[in-house]
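Engineer: Attaching a predicted model along with its sequence, questions to come.
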Amino acid sequence: MNRKLLDKSVYFWMYISLAILLVMPILLALCLYIKSLPILQEQSFFSLIFQSEWKPMQGKFGFLPFIVSSLWVTGLSVFIATPVCILSAIYLTQYASKKILMMMNSLIDILAGLPSVIYGVWGILMVVPFISNILAPIINVQTSGYTILAGALVLSVMIVPFMLNMMLEIFKTVPEELKEASLSVGATQWDTIKHVVLKKTFPGIVSATGLGVARAFGETIAVLMVVGNVVKIPLSIFEPGYPLPALIANNYGEMQSIPMYDSALMLAALILLIIVLLFSFLSRIIIIQVEKYQ
Amino acid sequence: MKSKQIEEKIFKALMYISLILIIGVFLLILVSIIYKGLPSLSWSMITQTPKGGFYYGKEGGVLNAITGSLYLSFGATLLAVIIGIPVALMMNVHLKKHKRFVSGIRFFLDVLWGIPSIVYGAFGFTVMVMFGIKTSLLAGIITVSLFILPIIIRALDEVLKTVPEGLYEASMSLGSTRSETAFKIFIRQTMPGLITAILLSFGRAIGDAASVLLTTGYTDHIPTSLSQQAATLPLAIFFQLSSPIEEVRSRAYASALILTVIILFISLLSRYISSHFKQHQIKF
Amino acid sequence: MNTKIDIKNLQLMIGKQQILKNLSVQIPENKITVILGPSGCGKTTLLKSLNRLTDLYEDVVVKGEIILDGENILQSTQDVTAIRKKMGLLAQRPYPLPMSIFNNVAYGLRISGCGNKKNIAQRVEYHLRQVNLWDEVKDRLHEPAAKLSIGQQQRLCLARGLAVDPEIILADEPTSALDPISSQAIEKKFVELKQHYTIILVTHILRQARRLADYIVFMYLGEVVECQPTEDFFNHPKEEITKEYIKGAFN
């Protein structure tokens, strides 16, 4: 009797938890949407996205500077991080000994666990001065160092462990026998990598990159600390930027005092949510489709 | 053929450079945090709360942030485990037959996994405003637990997946209910892995700033109740760094060092647990 | 009977484990030599050491001589890819490369620098006909090889190996993943091919050995126990272990 009762209560607990899990994100999206409605009703979505004037006190909410900043920072960081990850993954899984692979795995795990604020501190300590004192003079540019470039560099360092981890997993799925089949007809290791391994891992690499983009888009604190936070459409990577997450993080305090401000910020959060979900969703679908095809 | 060999050499060089970059940056980060943080690290940093006007340079330490972070992460992890363990067990035991549904949940979790913590922070903040709740430790705990929920469930699920089919069948055929199988067999078999998963989620909770920024507030005191505001280490670092006073900024580095040490400790601890207990596990 | 490969005192160690213990065997030309033995006796390792795939194993040490065409391939001054081209490998499960049917066969040709399109097309057709696959795939040469059935894939892998003009075919339990009809097709093919190629076949199926082999090399725990023409092997085995093995498997 007691066992059955216990079983039933456990069942109950499980179903409630599952319900919470399933309902929570829907509530989240719904809540953000409802909160964004006021500003969406006042101005059209497209005018908000493409306007560049951000003067909340005057009721002007142009998101363009933030979106452009986000695109710059994310794009540049993925551009830097992806080749580094692919090259490292190839070396570690095809050329290196098992010991080195294991060591790097541990290293990546540790790096992946470091909080973003630590990366931000490092960015302020090393990246920003590097840009302002070493890089900029070479290119003959004046800058404080708090730039899109700084944000992108710090961000790329943050997403490398994440992406490399995924790519290592993907490369590990290529069977040894397949490589042996290629080598048996006289191909070199490099031939095998080019024509066999990379072909097999390509969808996985694309997927990992997509997930890297999703991760980079949403990263808040580290980027915020080095990117300058100036509301202006950045015209070069040596100018400061103001990505979308930073917008939300920096201004939540004033949200309540200015009309429509809270709605605008929630819209920013909603946009961020949708972009990240889109990239995550598509990237994961790619992997599933590929697995089905094999 | 010559051109192929040259091509391979070039790419191999690029590969070495990439690898060295990664290792090098890691060392740079560690070195810079230690170099800047160690000088300002003192016993009082860890054991004292800031004595008034912390932002402007009076003495004290970051005990408020250390305890705040620990309370917050502990609470958030606890809450996430209470919701997470049943779901993970459900996926692997009770719903074993419904493979498509379980794959669907896994996919759902994977997509949720990517939601940035600032979005959860914005959500938490909005809910708080809607209900007139002030920023507090409890609000932070709930927000952070939502953030780490997909992470912890997925990690627990990965561990539970490793339990072989045969063990499940053996237990069920002995007449156990599914819940008994779940708790007595699955959990026991995977305990070290579960602990590792929980520890790592705890690490994520402690390190996150964006979700607590909007929901937990900040204070110079050690929180004594859930409805009070609480300081957290990431925010402590962040705020101290933006201070105009040199001394306060240097304390930020020390706080960063403290946070890094905590995270490294958790990392090493979870490694130790998984490797130590692997010896005692039954291999199938 | 000409010797194609002369193996002398071959030893192979992985870490501290000795997998191959002082093997000496002669592989005859243009015959099917079957390497027979229970699982774990080292037959696959022996096969893979012939085309030096064992170079890829971690922590491996190889001693002794494998003499092919007058040269010890273990210490050859030649690039290992040239050695590998002399041998085609057929694995237990078919592993088609991730490309079209046509490109699978053409792969080896292109890698060696044969760039002539017409030449490649002719060779691909020739080798696909060689394995009796041409008629089945001629209309879909550019479809992914993964779409073929397992039996067809294994024949494709055979064609791929033959395309680089090997002298020797190494086959590691090539029919173990196939249904009886496909297996039969592959076995028939081997009998035809031995006129032009030296074939070394690893198997643990005694009946298959009896069907196909001209010579049998029986291995046990990393050593060659005995080595005889097929009929002599089955009717007059010399060693006790061999007698036990034959008895046990046939009962």
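Structural biologist: Nice, I can see it. Residues are numbered from 1 along each chain as shown, chains lettered A, B, ... in the order given.

Engineer: mean confidence score for the longest helix along chain A?
Structural biologist: Scanning chain A for the helix with the most residues, using DSSP state H, yields helix A:2-42. The average pLDDT within helix A:2-42 is 89.

Engineer: near chain B at all, it?
Structural biologist: Yes - residues of helix A:2-42 are located near chain B by Cβ under 8 Å from any Cβ of the partner chain, namely A:3-4, A:6-7, A:10-11, A:13-14, A:17-18, A:20-22, A:24-25, A:28, A:31-32, A:35. Yep, even glycine has a C-beta here, placed from its N, CA and C like the rest.

Engineer: Tell me the helix or strand right after that helix.
Structural biologist: Per DSSP states H and E, the first helix or strand lying C-terminal to helix A:2-42 is helix A:45-50.

Engineer: Please list all residues in contact with B:P150.
Structural biologist: A:21, B:109-110, B:112-113, B:115 (Cβ atoms under 8 Å, 6 or more residues apart in numbering or on different chains).

Engineer: Go through those residues and say which is closest to chain C.
Structural biologist: B:D110 (25.1 Å; Cβ to the nearest Cβ).

Engineer: Can you tell me the element that closest one falls in?
Structural biologist: Going by DSSP H and E, B:D110 is part of helix B:99-113.

Engineer: Which strands or helices does that helix pack on?
Structural biologist: Packing contacts for helix B:99-113, counted by 3 or more Cβ pairs under 8 Å, 6 or more residues apart in numbering or on different chains; DSSP states H and E, involve helix A:2-42, helix A:261-293, helix B:137-161.

Engineer: at 10 Å what do you get?
Structural biologist: When contacts are defined as 3 or more Cβ pairs under 10 Å, 6 or more residues apart in numbering or on different chains; DSSP states H and E, helix B:99-113 packs onto helix A:2-42, helix A:198-218, helix A:261-293, helix B:63-89, helix B:137-161.

Engineer: In a markdown table: those, plus distance to A:A249.
Structural biologist: Output for the helices and strands packed on helix B:99-113, formatted as a markdown table (distance: least, Cβ to Cβ, whole Å):
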| stretch | distance to A:A249 |
| --- | --- |
| helix A:2-42 | 15 |
| helix A:198-218 | 11 |
| helix A:261-293 | 10 |
| helix B:63-89 | 18 |
| helix B:137-161 | 14 |
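
Engineer: Next secondary structure after the helix or strand that contains A:V68?
Structural biologist: If you go by DSSP H and E, A:V68 is part of helix A:64-90. For helix A:64-90, the succeeding helix or strand toward the C-terminus, using DSSP H and E, is helix A:98-113.

Engineer: Tell me the helix or strand right after that next one.
Structural biologist: Downstream of helix A:98-113, the next assigned helix or strand under DSSP H and E is helix A:116-122.

Engineer: Let's see that next one as CSV, backbone CA atoms only.
Structural biologist: Once non-C-alpha atoms are left out, helix A:116-122 reads as follows in CSV (Å, rounded to 0.1, in the frame of the first residue of the first chain):
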residue,chain,number,x,y,z
SER,A,116,32.0,35.8,-18.3
VAL,A,117,32.9,38.6,-15.9
ILE,A,118,36.4,37.1,-15.7
TYR,A,119,36.8,37.3,-19.4
GLY,A,120,35.6,40.9,-19.1
VAL,A,121,38.3,41.6,-16.5
TRP,A,122,40.9,40.1,-18.8
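
Engineer: Say whether chain B is contacted by it.
Structural biologist: Yes - shown here: helix A:116-122 in contact with chain B (Cβ under 10 Å from any Cβ of the partner chain) through A:116-122.

Engineer: List the residues that contact residue 15.
Structural biologist: Went with chain A since none was named. B:86-87, B:90, B:94 (Cβ atoms under 10 Å, 6 or more residues apart in numbering or on different chains).

Engineer: Chain C is the one I meant
Structural biologist: Residues near C:G15 by Cβ under 10 Å, 6+ apart: C:57-61.

Engineer: and if you look at A:I287?
Structural biologist: Counting by Cβ under 10 Å, 6+ apart, A:I287 has contacts A:166, A:170, A:203-204, A:206-208, A:210-211, B:110.

Engineer: switch to 7 Å and redo it
Structural biologist: If you count contacts by Cβ atoms under 7 Å, 6 or more residues apart in numbering or on different chains, A:I287 has them with A:203-204, A:207.

Engineer: which of those are buried?
Structural biologist: The neighbour count (16 or more other Cβ atoms under 10 Å in any protein chain shown) marks A:203-204, A:207 as buried among these.

Engineer: Let me know the closest of those to chain B.
Structural biologist: A:S207 (11.0 Å).

Engineer: Tally up the residues packed near the residue lying closest to B:K96 once chain neighbours are set aside, please.
Structural biologist: The shortest distance from B:K96 to any non-neighbouring residue, by Cβ to Cβ, 6 or more residues apart in numbering or on different chains, is to B:Y168 (6.7 Å). By other Cβ atoms under 10 Å in any protein chain shown, the residues close to B:Y168 number 19.

Engineer: how does the chain divide into domains?
Structural biologist: Picked chain A for this. A:2-42, A:64-293 (automatic domain parsing).

Engineer: Switch to chain C, please.
Structural biologist: C:3-86+C:167-250, C:97-165.

Engineer: helix or strand for residue 191, which one?
Structural biologist: All of this refers to chain A. Per DSSP H and E: helix A:189-192 holds A:D191.

Engineer: if you could check chain C rather than the one you did, that'd help
Structural biologist: C:V191 belongs to helix C:180-193, assigned by DSSP H and E.

Engineer: For the helix or strand following that helix, buried residues please.
Structural biologist: Later in the chain than helix C:180-193, the nearest helix or strand by DSSP H and E is strand C:198-203. By neighbour count with 16+ other Cβ under 10 Å, strand C:198-203 contains the buried residues C:198-203.

Engineer: quick one: least confident of those residues?
Structural biologist: Minimum pLDDT across the buried residues of strand C:198-203 falls on C:T203, with 90.

Engineer: Go ahead and confirm that one touches C:A209.
Structural biologist: Yes - because the distance of 5.8 Å satisfies Cβ atoms under 7 Å, C:T203 is recorded as touching C:A209.
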